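just to be clear, the model below is a prediction. Sequence and coordinates:
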Amino acid sequence: MSTRARQVRGGGRAVEVQPERLAGWFERFAERNDGATGTRYTSAEVVVTAGNGATATVAVPFPPLAADGALAGLDVGPLVAHAATPRRIGLLLVRLGGHSVGIAEHGNVVLSRTDRHLVHGRSAAGGWSQQRFARRRAGQARQALRAAADDAAEVLLPRLSELDGVVLGGDRRALDDLGADTRLAPLFALATPRVLDIAEPRRSVLDEAAERARAVEIVVRDREQ
């Protein structure tokens, strides 16, 4: 799986790195930036500082991490071991009009359900016609979100005690609306802060999300940032 990267607020970029490539990624980071002067650990964060002042920061996935303190040089062994731990992860991907839910083990989907519902795009018409269209679209959106919530409740909630965490993906507004469903409160309580940016949910997208759920996101910033 290729490394994904995106720009982050405040400068810098975030990259997703699979656990198997994590040690090598940090070694190359140090090589490119005049070595590494230190590695700082907390239960929820790891920061590697390079010789030129650049930093690579990890919000520990599925915390807590059993490490704490500051170490000289580059020492990401505890993070690598934590990231490589086998986990059973719930997945909930939602965009308006489509959703996919599932359970993944070591990057493989072992249980899933995917569905699509028609939600019309916005209308350029005005007056009463636009209002009728808006009401119809809102009704379609509610029906689509209700179906997503029902599938999440049926697939994930009965197996919640088996999960090490939940990874969300898709449209944040749609996810916020789902989070208002009281049935899903225990599910969202297990969700990691990172929300995957995904295409329209389908089974192939769920398979990709299962791999990305294992990845460690690293935020890289140069010294001046």
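Alright, I've got the coordinates.

report the buried residues of the host helix or strand of Thr57.
If you go by DSSP states H and E, Thr57 is part of strand 55-59. Neighbour-count burial for strand 55-59 flags Thr55, Ala56, Thr57, Val58, Ala59 (criterion: 16 or more other C-beta atoms under 10 Å). (C-beta placed from N, C-alpha, C; glycine too.)

got the contact list for the fourth one?
Applying C-beta atoms under 8 Å, 6 or more residues apart in numbering, one finds that Val58 lies in contact with Glu45, Val46, Val47, Leu79, Val216, Glu217, Ile218, Val219.

re the thing from before, pairing partners for the strand holding Thr57, with directions?
Paired strands of strand 55-59, with direction, are strand 45-50 (antiparallel), strand 216-221 (antiparallel) (DSSP bridges).

output the ones you listed as TSV; include the columns mean neighbour count, distance to Val110 and mean pLDDT.
Output for those, formatted as TSV (neighbours: other C-beta atoms under 10 Å; distance: least, C-beta to C-beta, whole Å; pLDDT from 0 to 100):
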stretch	mean neighbour count	distance to Val110	mean pLDDT
strand 45-50	20	29	98
strand 216-221	20	22	96
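
mind checking which of those strands is nearest Gly179?
strand 216-221 (21.3 Å; C-beta to C-beta).

which residues in the chain form helices?
Along the chain, the segments classed as helices by DSSP state H run 22-32, 77-83, 127-155, 172-179, 185-189, 203-214.

okay, the strands paired with strand 55-59 in JSON lines with distance to Ser112 next?
Output for the strands paired with strand 55-59, formatted as JSON lines (distance: least, C-beta to C-beta, whole Å):
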{"stretch": "strand 45-50", "distance to Ser112": "32"}
{"stretch": "strand 216-221", "distance to Ser112": "23"}
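
nearest to Ala67, out of the ones you listed?
With C-beta to C-beta as the criterion, Ala67 lies closest to strand 45-50 of the strands paired with strand 55-59, at 7.9 Å.

just give the closest residue to Phe188, not the sequence neighbours.
Gly179 (4.9 Å; C-beta to C-beta, 6 or more residues apart in numbering).

isn't that neighbour right up against Pro186?
No: with contact defined as C-beta atoms under 8 Å, Gly179 does not reach Pro186; the gap is 11.5 Å.

same drill for those two, tell me which one is more crowded.
In this view Gly179 and Pro186 are compared by other C-beta atoms under 10 Å, and Gly179 has more residues nearby, 16 against 13.
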